[in-house]
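In: Any chance you can model this:
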Amino acid sequence: MLKYTILLINSISILLFNLFFSDDVSITPKFPSTAKPGSEFMAEVVIKKGGTAGFAKLQIDLPPGFTAKEVDSKGGNFTFSNGAVKYIWTALPSDPEFTVKFMVVTDASATGAKPILGKFSYIVSNAKQQAEFGPIEVIMEDGGAAVTTNTVVPTTTTTPTVATTNTQTPESFNPPKDPNAAVSSTRTISALNEREFEVEVLIKKENIKGFAKYTDKIPAGFIATSVKTNGASFTFSDQNAKFVWVSLPATEELRISYKLEMQTKPSSKPMLTGEFSYLENDQTQKIKASDEEIVLAPEDNSNPVTTNTVTETPVTTNTVAETPVTNTVTTEPVKTIETPTVATTQTVVETPVTTNTVTSDPVITNTPPPVTNTTAKTNGSVTFNVQIGAFKSSISASALASAYNINDNIRTDMHEGFTKFLIGDFNEYKAARDKRESVKNKGVSGAFVTAYSSGKRITVQEALMIANQKWLR
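Out: Modelled structure (predicted):
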């Protein structure tokens, strides 16, 4: 009698659901109403998704004594753990309706009514949506005939009510994370030549498992191709470079990279914006990556060395070194004045003493310095530092020094709402890189190199271009 009462309630619920919610996303489970202990039966879930696409997850919670085996996952990733059947799709099937199947194995000692629940989660307009069913019951009958895997008859199949689609408040971005936080992403842009750049992303994920995605919005005029995926699938479409993991690697850090190629020069500063998203307790968590500019070379930068030389050694003062009489400026060979910007190395050959004008004393006319010295110290006030932490909470420099056994002077800088802790003050990027590796060995795994120009924080890529230095890993 109880069994038939359950079937009647379920049938009425389905009717009401079809009347009011037939156009919405829904899931309809098909389980037998009874089963025999120690037997197997086929379970099905019909998913009506309409035009919904992209990421989705189906979870069915089975009672103790039930286990599951994969049969048909429709392109999803099937797992069974801790009593939960899970399907995860990075992209849902194109069909508006499809059915997944799995085999349920019952324990020989199972008795009584066994409740089963399920929920289908998906994303619409950046908001998490959810459809649910249950609980439904499968009654274990010791003397009854078990419903076999191929005999799920509609008249005896329990088809429970399916809850309406629940719209939740769109999830907003978490605030930018500290570089030393449990989950964070750090992006580095390196110029390969005037039109190509390599973008490397370091993701600290700690113990996160399962599905995750990293996305960078690529500015117009650029295309992206993958270099290192670290187990992810890479796609580039609609100016989005995406790395998708169905199941994250076990390592605590991920390194991914891609190459950018500039096809047309942008009219404004090209910027990269991105985010790292993952699932935690069935909720989507998002970590926003910092916005970074792709620094382009100047249009006339055909020879960076000679350009810097012209800037630092004005040709109009070349004749002062040869004769201190200012009137002789008009009597010097005209050709060295007519072509000051063509090639300064040719001017040095014709009048070797002209390179002496780099110094502030025009009287020095002997032993001219080598031509390569004319580009020395082009970095001006650019300095490289190593950032060992950034916090919104009140943390003292002495606490960090004590925690990581750091003997260097620790400075602080307020930037983007964080108090950032810095050590070192280097003119060369390589020296800062070496210091970074040194503090990493002390346990500061999130340490990285930063750059400043005239007291203002700039990207390391900008600093390298200003200082005419190369990036090193």
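In: all contacts plus neighbour counts: C-alpha atoms, from now on.
Out: Will do.
In: Excluding chain neighbours, what is closest to Glu417?
Out: For residue 417 the amino acid is Gly, not Glu. In space, and not counting its chain neighbours, Gly417 is closest to Lys392: 7.0 Å by CA to CA, 6 or more residues apart in numbering.
In: Can you name the residues that contact that neighbour?
Out: Gly417, Phe418, Thr419 (CA atoms under 8 Å, 6 or more residues apart in numbering).
In: Of those residues, which belong to strands?
Out: Within these, residues falling in strands by DSSP state E are Phe418, Thr419.
In: quick one: which of the contacts of Lys392 is nearest Ile406?
Out: Ile406 lies nearest to Thr419 out of the contacts of Lys392, by CA to CA, at 17.9 Å.
In: Distance-wise, check that closest one relative to Val295.
Out: 26 Å (CA to CA, to the nearest Å).
In: do Gln239 as well
Out: Plainly put, Gln239 is 18 Å away from Val295 if you go by CA to CA.
In: Which one of the two is surrounded by more residues?
Out: For the pair Gln239 and Val295, the greater number of neighbours falls to Val295 (18 against 15), based on other CA atoms under 10 Å.
In: Does the more buried one touch Glu462 like I think?
Out: Yes. Val295 is within contact range of Glu462, at 6.4 Å (criterion: CA atoms under 8 Å).
In: shaky segments in the chain?
Out: 1-23, 126, 142-182, 281-283, 299-380, 393-394 (pLDDT under 70).
In: Break it down into its domains, please.
Out: 2-167, 184-293, 304-371, 382-467 (automatic domain parsing).
In: For these, please prepare JSON lines with the additional fields distance to Arg473.
Out: Below are these laid out as JSON lines (distance: least, CA to CA, whole Å):
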{"stretch": "domain 2-167", "distance to Arg473": "33"}
{"stretch": "domain 184-293", "distance to Arg473": "10"}
{"stretch": "domain 304-371", "distance to Arg473": "23"}
{"stretch": "domain 382-467", "distance to Arg473": "8"}
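In: Which strand residues bridge Lys128?
Out: Under DSSP bridges, the beta-bridge partners of Lys128 are Ile123.
In: Could you tell me the end-to-end distance of stretch 79-97?
Out: 22 Å.
In: swap in stretch 402-413?
Out: For stretch 402-413, the first-to-last residue distance is 19 Å (CA to CA).
In: Just to be sure, Ala403 is in a strand?
Out: No. According to DSSP: H, G, I helix; E, B strand; the rest coil, Ala403 belongs to no strand; its state is helix.
In: May I have the secondary structure class of Thr28?
Out: Thr28 - assigned by three-state DSSP - is strand.
In: how deep is the residue nearest to it when sequence neighbours are not counted tucked in, by neighbour count?
Out: Nearest non-adjacent residue to Thr28, counting by CA to CA, 6+ apart: Val46, 5.0 Å away. Residues lying near Val46 (other CA under 10 Å) number 15.
In: Would you agree Asp434 falls within a helix?
Out: Yes. Remark: Asp434 belongs to a helix, assigned using three-state DSSP.
In: Contact partners for it?
Out: Per CA under 8 Å, 6+ apart, neighbours of Asp434: none.
In: Same check on Thr90?
Out: For Thr90, the contact set (CA under 8 Å, 6+ apart) comprises Gly54, Phe55, Ala56, Gly76, Val244, Val246.
In: now, which of those sits nearest Thr273?
Out: Nearest member of the contacts of Thr90 to Thr273, counting by CA to CA, is Val244, at 16.9 Å.
In: Show me what the host helix or strand of the closest one is packed against.
Out: Here Val244, judged by DSSP states H and E, is contained in strand 240-245. Secondary-structure packing of strand 240-245 (3 or more CA pairs under 8 Å, 6 or more residues apart in numbering; DSSP states H and E): strand 212-217, strand 233-237.
In: Run me through the strand neighbours of it, direction for each.
Out: Assessed with DSSP bridges, strand 240-245 is paired to strand 212-217 (antiparallel), strand 233-237 (antiparallel).
In: In TSV, list those strands along with distance to Asp425 and mean neighbour count.
Out: Converted to TSV, those look like this (distance: least, CA to CA, whole Å; neighbours: other CA atoms under 10 Å):
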stretch	distance to Asp425	mean neighbour count
strand 212-217	31	21
strand 233-237	38	15
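In: Give me the number of neighbouring residues for Lys30.
Out: 20.
In: can you give me the strands in the stretch 51-200 of the chain?
Out: Using DSSP state E, counting those that start in this stretch, the strands of the stretch 51-200 of the chain run over residues 56-61, 66-72, 77-81, 84-89, 97-106, 112-124, 127-140, 157-158, 166-167, 184-191, 196-204.
In: Go through the fourth one and flag the buried ones.
Out: Right, the one you point to is strand 84-89. Buried residues in strand 84-89, defined by neighbour count with 16 or more other CA atoms under 10 Å: Ala84, Val85, Lys86, Tyr87, Ile88, Trp89.
In: Nearest to Ile208 among those residues?
Out: For the buried residues of strand 84-89, with Ile208 as the reference and CA to CA as the criterion, the closest is Ile88, at 15.9 Å.
In: Verify the contact between Phe133 and Ser26 for me.
Out: No. Contact between Phe133 and Ser26 fails when scored by CA under 8 Å: they sit 9.0 Å apart.
In: Which residue of these two possesses the greater neighbour count?
Out: Neighbour count, other CA under 10 Å: between Phe133 and Ser26, Ser26 has more, with 26 against 21.
In: Give the burial count for the closest residue to the more buried one other than its chain neighbours, as a bare number.
Out: Take Ser26 and drop its neighbours on the chain: the residue closest to it by CA to CA, 6+ apart is Lys48, 5.2 Å away. By the criterion of other CA under 10 Å, Lys48 has 19 neighbours.
In: what about Lys48, distance to Ser94?
Out: Taken as CA to CA, the span from Lys48 to Ser94 is 11 Å.
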